[in-house]
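Peer 1: Following is a predicted model, sequence given first.
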Amino acid sequence: MNAKLTQFITRRNFLRFGVGGAATLAGAGLLGKAAQAQDTSPMPTPSHAGVDHSQHPGMLVGAVDHERNGFDPMQMLVDWDYGVVSTLPNGQTLREYNIYAADMDIEIAPGLFFPAWTFNNRVPGPSLRCTEGDRIRILFTNVGSHPHTLHFHGFHTAEMDGTPGIGRGEIQVAENFTYEFDAEPFGCHHYHCHALPLKRHIHKGLYAAFVIDPKVGRPPAREFMMMMNAFDTNFDGENEIYAVNTVGHEFMRRPIPVKVGELIRIYLINMVEFDPINSFHLHAHFFDYYDHGTTLEPTLRMVDTIMQAQAQRGILEFRLRWPGKYMFHAHVTEFTELGWMGLFNAVEEADWQAALAEVGLDEEWDRKGTQSSTVEYQGEVES
Ligand SMILES: [Cu+2]
């Protein structure tokens, strides 16, 4: 057996016994009666209904306590930070944001905690959204334990680049700095800490989406922000948990409700460190892809799989034709088994409320997902 294979198997065992065992222990304390009934079973069944685990024997078992984390991957799909909006004397829209770096333990798989570095106590950090040409002003405060920066992908001066040794460079603990620039080009971007060693600072959780809407808007759609990320829980330079929006297999446990036939738009970003390539595959359908989101016309048409290297991102658009559950996942089998796999639950209008309720969502989630753009579309709407 070669070294890589041995390591691979070790990582499997870590999940099976490490995470499974922890979930059983944590579950006993947190879930009370239901969990105690499970104590006698070597492979406890989560209290969530709706997922038949016999079909997915490799799945992480149990559920993450989103309330304790303070964030929910399902809400992260639709929650955008538009900043505090005002108008400058020259008529330009000003958006002001507050971002702080802070250390925080987060639960990334049932019973598995990771000592994260966060922006605003969440991983990924707040998803900033604005319109092309807006003035962006971000007060960044470092209340963490290490020097950090904010490095945006977009046009800006060297002083605003958040790179060590350039301009203000690293922002030391208990210090702050205001980054300011105009939002361009429109597209699906991100920001992250650029302190050194870079891959450690990023992988600890210091990254987030930065979406700039084109002035002419995009056609109305149900929009989701999906951050592909991963965690090296034992600091050996390899990831043990892979996910979209931090929590492994969350969207297997809670399939994402969508409506049959509606336009779905995904802002997909890859911030996985240590593995050079990630990918996204959609089952039973094809999508259009806008590389970096910097064009109004797709850069790829009719594909069902795309790959993204580290920090690459893009926009996916598709419609699901028939009711049912459709998987989406990395087409790297190792990643899927370690958490990067989810489901869309496509339903007809009549079943919409039930589909929302099944995964703990309400009309507010529906509204946020369908009214997230900062501008109204100026073109023709396809029926
Ligand atoms: Cu940092």
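Peer 2: It's in.
Peer 1: Low-confidence ranges, this protein, go.
Peer 2: For the chain, residues meeting the criterion pLDDT under 70 lie at 1-58, 382-383.
Peer 1: can you tell me which residues contact V244?
Peer 2: The contact partners of V244, by CB atoms under 8 Å, 6 or more residues apart in numbering, come to P73, M226, M227, M228, N229, E250, F251, W340, G342. From N, CA and C alone the C-beta is placed, and that goes for glycine too.
Peer 1: Which members of those residues occur in strands, if any?
Peer 2: Among the contacts of V244, the ones falling in strands (DSSP state E) are M226, M227, M228, N229, G342.
Peer 1: what subset of these is also close to the ion?
Peer 2: Filtering the ones in strands among the contacts of V244 for neighbours of the ion using CB under 5 Å from the ion leaves an empty set.
Peer 1: Alpha carbons of the helix or strand encompassing Q353, in PDB - could you do that?
Peer 2: With the criterion set as DSSP states H and E, the secondary-structure element containing Q353 is helix 352-358. These are the backbone C-alpha positions of helix 352-358, laid out as PDB (Å, rounded to 0.1, in the frame of the first residue of the first chain):
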ATOM      1  CA  TRP A 352     -43.500  24.900  -2.000                       C
ATOM      2  CA  GLN A 353     -44.500  25.700   1.600                       C
ATOM      3  CA  ALA A 354     -44.100  22.100   2.600                       C
ATOM      4  CA  ALA A 355     -40.600  22.000   1.000                       C
ATOM      5  CA  LEU A 356     -39.600  25.100   3.000                       C
ATOM      6  CA  ALA A 357     -41.000  23.800   6.300                       C
ATOM      7  CA  GLU A 358     -39.300  20.500   5.900                       C
END
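Peer 1: what residues does the stretch 1-150 of the chain put near the ion?
Peer 2: Residues of the stretch 1-150 of the chain lying near the ion by CB under 5 Å from the ion: H148.
Peer 1: how about 6 Å then?
Peer 2: Taking CB under 6 Å from the ion as the contact definition, the stretch 1-150 of the chain meets the ion at H146, H148.
Peer 1: so what's the closest residue to the ion within the stretch 1-150 of the chain bridging to?
Peer 2: Closest approach between the stretch 1-150 of the chain and the ion, counting by CB to the ion: H148, at 3.5 Å. H148 has these beta-bridge partners by DSSP bridges: I171.
Peer 1: Make sure it is actually in contact with G125.
Peer 2: No: no contact is recorded between H148 and G125 when judged using CB atoms under 8 Å, the distance being 11.2 Å.
Peer 1: Highest neighbour count among the ones in strands among the contacts of V244?
Peer 2: Neighbours here are counted as other CB atoms under 10 Å. On that basis the top member of these is N229, with 28 neighbours.
Peer 1: E297: which element?
Peer 2: No secondary structure element spans E297, as it lies outside all helices and strands (assigned by DSSP H and E).
Peer 1: F71 too?
Peer 2: Here F71 is assigned to no helix or strand, by DSSP H and E.
Peer 1: Tell me which residues touch the residue sitting furthest away from the middle of the chain, please.
Peer 2: Largest separation from the mean C-alpha position in the chain: P89, at 36.1 Å (CA atoms, centre = their mean). Taking CB under 8 Å, 6+ apart as the contact definition, P89 lies against nothing.
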